[in-house]
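Novice: sequence below, structure please.
(2 chains, ligands or ions: 2)
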2 protein chains.
Amino acid sequence: LFGSIDHVGVAVRDLDAAISWYEQTFGMRLAHIETNEEQGVREAMLEVGTSGPQLQLIAPLRDDSPVGRFLASRGEGLHQVAYSVDDLAEAAATLRSRGVELLYDQPRRGTAGTRVNFIHPKAAGGFLVELVQAAPEGAEST
Amino acid sequence: LFGSIDHVGVAVRDLDAAISWYEQTFGMRLAHIETNEEQGVREAMLEVGTSGPQLQLIAPLRDDSPVGRFLASRGEGLHQVAYSVDDLAEAAATLRSRGVELLYDQPRRGTAGTRVNFIHPKAAGGFLVELVQAAPEGAEST
Ligand SMILES: [Co+2]
Ligand SMILES: [Co+2]
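Specialist: Ligands and ions are numbered 1, 2, ... in the order given. So this is what the prediction gives:
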């Protein structure tokens, strides 16, 4: 069903401060930064090392956004795990057939042109699960 | 400093139920299971897809273990991110030089013969960070 872990998402209050901390303390490299108004977030992708999944830092644009509410109730910390899928529609259908509902009827725009959908923490063991279908070749990226 | 994300750890109350759920719902494959008395956990490693970091399921052996206390205060959910390092002693020295203390003076035994140490959530953005040095060639594994 899943190809691999695509990224691990961390909720932070101050995105720029968090990026600097990860660069200076852990030696990670900033790969991408963007604002997603629809999701109410400003977010950054960090390369952890030489390969593999990235670490995503997610800061809320507004207190009443999902990430703003997460920070108010749980504080900064681990927010989501994103799994890559080849075909998001097919993965969604498979999950629905196994009794797992996704948050949205239709995929939304994720980081850097990806298509994404989510499973609510209550249906996925206590944390947000994101499904990520890669951006089509030639799509807007970094 | 880090090679890549080695695994993402999830705290669960019932390890066997969680393994079954991940196998049946997400199609993940059980790669390893073990009890670590020193850490007070029973844990499993799941292969997410065809490659990349594994998902670690962690259940407490006792309520007064660190994972038992985590479950009591936060409930089931994301517990830790583990990064691979070539040389744990060198990584620890680098982190200490940057003002980040590790939990233990000496490495502990991690999953399947690995050597591990940890950064406390308070010093790492709100979640437990694990550093993992691979088991030596020929060491006891899966
Ligand atoms: Co994400
Ligand atoms: Co671990």
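Novice: residue numbers of chain A in contact with ligand 1?
Specialist: A:9, A:56, A:82, A:130 (CB under 5 Å from the ion). For every residue, glycine as well, the C-beta is placed using N, CA and C.
Novice: next, residue A:67: phi, psi?
Specialist: phi -70, psi -30 (degrees, to the nearest 10).
Novice: contacting residues around it?
Specialist: Residue A:67 makes contact with A:11, A:39, A:40, A:41, A:58, A:59, A:60, A:79, according to CB atoms under 8 Å, 6 or more residues apart in numbering or on different chains.
Novice: send me the top helix by length along chain A as CSV with only the CA atoms.
Specialist: In chain A, assigned by DSSP state H, the helix with the most residues is helix A:15-26. Only the C-alpha atoms of helix A:15-26 are listed here, as CSV (Å, rounded to 0.1, in the frame of the first residue of the first chain):
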residue,chain,number,x,y,z
LEU,A,15,9.4,28.3,11.8
ASP,A,16,12.6,30.4,11.2
ALA,A,17,13.9,29.7,14.7
ALA,A,18,13.3,26.0,14.3
ILE,A,19,15.0,25.9,10.9
SER,A,20,18.1,27.6,12.4
TRP,A,21,18.1,25.2,15.3
TYR,A,22,17.9,22.1,13.1
GLU,A,23,20.6,23.5,10.8
GLN,A,24,23.0,24.4,13.6
THR,A,25,22.4,21.6,16.1
PHE,A,26,21.7,18.6,13.9
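Novice: now do the helix or strand that comes right after it against helix A:15-26, angle only.
Specialist: As assigned by DSSP states H and E, the chain's next helix or strand after helix A:15-26 is strand A:29-36. If you take axes from the mean of the first three to the mean of the last three CA atoms, to 10 degrees, strand A:29-36 sits at 160 degrees to helix A:15-26.
Novice: indicate whether strand A:29-36 makes contact with chain B.
Specialist: No - for strand A:29-36, no contact with chain B is found by CB under 8 Å from any CB of the partner chain; the gap never falls below 11.0 Å.
Novice: which strands and helices lie in contact with that strand?
Specialist: helix A:15-26, strand A:41-47 (3 or more CB pairs under 8 Å, 6 or more residues apart in numbering or on different chains; DSSP states H and E).
Novice: strand partners (parallel or antiparallel) of it?
Specialist: strand A:41-47 (antiparallel) (DSSP bridges).
Novice: all set, thanks.
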